[in-house]
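A.B. asks: I would like the atomic coordinates for the input below:
(one chain, ligands or ions: 2)
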Amino acid sequence: MSTFGIKILQKGRNKMWSVVIGFSGFLMLVAATYDLLPVGLFILVISLTLISCGIILYAYEAYRDVPEGIKNNHNFFNSLSSRGWLGWLTGMVLTGFYILLYWFPEYLGQGDKSNTGLVAFFDPLSQLLKKQNASQWFVYGVLYTLAILIMGVKFIWKYKHSKYQLIRTLSVIFFQLAFAFLIPEFMLRLNMPYNDFKNMWPLNYYFFDGWHLQEMMQNGNIGWLMLIWGVLMIVVVSPVLTYFFGKRWYCSWVCGCGGLAETAGDPFRHLSDKSIAAWKVERYLIYSVLVFSVVMTAGVLYSFYSGISSIAGVNTASLRSIYGFLIGSAFSGVIGVGFYPLLGSRVWCRFGCPMAAILGIQQKFFSRFRITTNGGQCISCGNCSTYCEMGIDVRAYAQKGQDIVRASCVGCGVCSAVCPRGVLRLENGSIDIFDRGKKGRNFSQ
Ligand code: SF4
Ligand code: SF4
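C.D. replies: Numbering: from 1, shown residues only. Ligands and ions are numbered 1, 2, ... in the order given. Just a heads-up that it's a prediction; the model follows:
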């Protein structure tokens, strides 16, 4: 057998072993859910390490020795990434997990006084970090962070020749690990209120809830710092950064939802619908959610300060509950992540996130960010449109040599990374921002 043949064989064998390793860790989690494993930090660490090592080894085998360039080979033939049976199964498992997490946590083992099952399995780690038993949200936080970490490593291997992708991925890993997980957990250990300093309203839809405002105001300097920082993020930090860098500073570099979509969701990015009809639905839906969130927040604030529970016969607490159920849980969690293998990785960001809607408006009308296109070089291969997770028909702009200024673009840069001709560039230009959306740059003239 040739050396090449032996290499392929070895690769296949190593990949198989990595699947066995990862799957045994996953089986341990499943066994823990049914109380079939003893609770202990050691055994939890073994389970999570096996899962991590399995995925990382698989990615290493898949992307080592690969020549420069992004490889998406077999994407449309792989059952997982092409809505085959494996894709549907993964979608159902994820959706089921989210339904239990939001509405039936007792089936995961969440108890009033003590935990059982999966939640109890995480008790030792929770005790170590914050001296409290775990909750279903702690379990979710650990798994979510781990998913971004290990799938982030996979992403870095896949896109290793793109400096932009490398830095961007390290950024989302850092913000998830430090800001969304470790800092809030240590704050709880120190008897401070839980706070994710990078999560702002309206994505953080409970920020202006009465109980949350009270909690912040009753916690002295640190509480007031949280309150002031939260408001500053909305009115100063976010608009200024979006002016200079577009919505990518948040959606692709900082946000946890974006972080998961970019790492764990990467194998599904091509499943986003590119049709004009989807673009229409996107605009109606995302701005409707934004209006809903503004009305709901205004109602909640009105009730908090006036003590009156209804406006025009509408109970503001009920409005808040409906928003939490429909948008906060069903849309962002169950559909947003559960449907990755069916509708692509950015369903929530594209159709539902009110934060993305606000950043999108700023990006379209008041930002220097754009993707410039060198139309003369475009060979119309369509790679850019295929792998745009936001369903933008990038090729149509490239063919015309027109700058791309779209509210939905999260600036992930993957269109540019997969372009074989170097047609697309992400830029924070200084040209007249009010003009550039109307005028295309035509290199053929
Ligand atoms: S990937 Fe590049 S060459 Fe291919 S259609 Fe898009 S812009 Fe044109
Ligand atoms: S247009 Fe390019 S940078 Fe923008 S979301 Fe699509 S793939 Fe990402």
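
A.B. asks: all contacts plus neighbour counts: C-alpha atoms, from now on.
C.D. replies: OK.

A.B. asks: buried sites along the strand or helix carrying residue 22?
C.D. replies: Using DSSP states H and E, residue 22 maps to helix 3-33. Of all the residues in helix 3-33, those buried under the rule 16 or more other CA atoms under 10 Å are 11, 14-15, 18-19, 21-26, 28-29, 32-33.

A.B. asks: now do stretch 200-214
C.D. replies: Within stretch 200-214, the residues that count as buried by 16+ other CA under 10 Å are 200, 201, 202, 203, 205, 206, 207, 208, 209, 213.

A.B. asks: Over to stretch 78-91?
C.D. replies: Residues 80, 81, 82, 83, 87, 88, 90, 91 are the ones in stretch 78-91 that count as buried (16+ other CA under 10 Å).

A.B. asks: And stretch 279-288, by the same measure?
C.D. replies: For stretch 279-288, the neighbour count (16+ other CA under 10 Å) marks 279, 282, 283, 285, 286, 287, 288 as buried.

A.B. asks: hmm, that stretch in reach of ligand 2?
C.D. replies: No: Stretch 279-288 stays clear of ligand 2 (CA under 6 Å from any ligand atom), getting no nearer than 12.9 Å.

A.B. asks: Using CSV, list the CA coordinates for that stretch.
C.D. replies: Below are the C-alpha coordinates for stretch 279-288, written out as CSV (Å, rounded to 0.1, in the frame of the first residue of the first chain):
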residue,chain,number,x,y,z
TRP,A,279,-35.2,38.0,3.9
LYS,A,280,-38.8,39.4,4.1
VAL,A,281,-39.8,37.2,7.0
GLU,A,282,-36.5,38.1,8.7
ARG,A,283,-37.3,41.8,8.6
TYR,A,284,-40.9,41.5,9.8
LEU,A,285,-40.0,39.1,12.6
ILE,A,286,-36.9,40.7,14.0
TYR,A,287,-38.4,44.2,14.2
SER,A,288,-41.6,42.9,15.6
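
A.B. asks: Give me the neighbour count for the residue in the stretch 201-350 of the chain that ligand 1 sits nearest to.
C.D. replies: Residue of the stretch 201-350 of the chain nearest ligand 1, by CA to the nearest ligand atom: residue 270 (13.3 Å). Residues near residue 270, counting by other CA atoms under 10 Å, number 24.

A.B. asks: Quick check: residues of the stretch 251-400 of the chain near ligand 2?
C.D. replies: Listed as neighbours of ligand 2 in the stretch 251-400 of the chain under the rule CA under 6 Å from any ligand atom: 388, 389, 390, 392, 394.

A.B. asks: Closest one of those residues to residue 72?
C.D. replies: Comparing those against residue 72 with CA to CA picks out residue 388 as the nearest, at 13.1 Å.

A.B. asks: so what's that closest one up against?
C.D. replies: 269, 270, 272, 394, 414, 415 (CA atoms under 8 Å, 6 or more residues apart in numbering).

A.B. asks: the strands in the chain, which residues?
C.D. replies: Here the chain has its strands, by DSSP state E, at 310-311, 314-315, 369-373, 424-428.

A.B. asks: so can I have a markdown table of the ones you listed showing distance to ligand 1, mean pLDDT and mean neighbour count?
C.D. replies: Shown next, in a markdown table, are the strands of the chain (distance: least, CA to the nearest ligand atom, whole Å; pLDDT from 0 to 100; neighbours: other CA atoms under 10 Å):
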| stretch | distance to ligand 1 | mean pLDDT | mean neighbour count |
| --- | --- | --- | --- |
| strand 310-311 | 51 | 88 | 14 |
| strand 314-315 | 50 | 92 | 13 |
| strand 369-373 | 7 | 94 | 25 |
| strand 424-428 | 6 | 93 | 19 |
